[in-house]
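A.B. asks: Starting from these lines, generate the structure:
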Amino acid sequence: MIIVNVSQSELDDALNSINARFDNNIIWNRSPEPLNGAGTRWRLTLRCKSSKGLGHARARYGWSGELGRRLVSACWHVHGHFFVALPVGAIIHTSRLTTYPGSPWHDFNVGSIMYPCPASEACDCA
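C.D. replies: Okay, the predicted model is just below:
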């Protein structure tokens, strides 16, 4: 994802605030990489330290669409809380949409056409 209009310290503060909720299991998969000289545009990725801890996503597979193995990818809830923790004025660009802190969370299908699964249900958070 690419986040605009924030500083490195504001990104770190947002990560620290969600780690309080997810037992310090959330880390940078891709450390915030500055995309401009002013340090206000960043490319980053969130992940979990352990797939057995809080905030991990689950794979969906099989004909019945059951929950599969645990992944170290951060789940939909982690990303949503991270977006909320960012300061007002930030702009978040993901592969699916552009959003802002405080905007409604957009759910999307991570399953198949035959066995749809909302991203909000592809984890153990619920």
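A.B. asks: Just the CA atoms of the helix or strand where Gly68 lies, as PDB, please.
C.D. replies: For Gly68, the host element (DSSP states H and E) is strand 67-74. Coordinates of each C-alpha in strand 67-74 appear next as PDB, following Å, rounded to 0.1, in the frame of the first residue of the first chain:
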ATOM      1  CA  LEU A  67     -10.900 -21.900   6.500                       C
ATOM      2  CA  GLY A  68      -7.400 -23.200   5.700                       C
ATOM      3  CA  ARG A  69      -4.000 -22.700   7.100                       C
ATOM      4  CA  ARG A  70      -2.900 -19.800   9.100                       C
ATOM      5  CA  LEU A  71      -0.900 -17.100   7.200                       C
ATOM      6  CA  VAL A  72       1.500 -14.500   8.500                       C
ATOM      7  CA  SER A  73      -0.400 -11.900   6.300                       C
ATOM      8  CA  ALA A  74      -2.100  -9.300   8.400                       C
END
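A.B. asks: tell me the angle of the helix or strand that contains Glu33 relative to strand 67-74?
C.D. replies: Per DSSP H and E, Glu33 falls inside strand 26-34. Here strand 26-34 points in a direction 50 degrees away from that of strand 67-74 (axes from the mean of the first three to the mean of the last three C-alpha atoms, to 10 degrees).
A.B. asks: Mind listing what's buried along strand 26-34?
C.D. replies: Across strand 26-34, burial judged by 16 or more other C-beta atoms under 10 Å covers Ile26, Pro32. Every residue, glycine included, has its C-beta placed from N, CA and C.
A.B. asks: how far is the very next helix or strand once past it from where the chain is centred?
C.D. replies: Later in the chain than strand 26-34, the nearest helix or strand by DSSP H and E is strand 41-48. From the chain centre to the centre of strand 41-48 is a distance of 8 Å (C-alpha atoms, centre = their mean, to the nearest Å).
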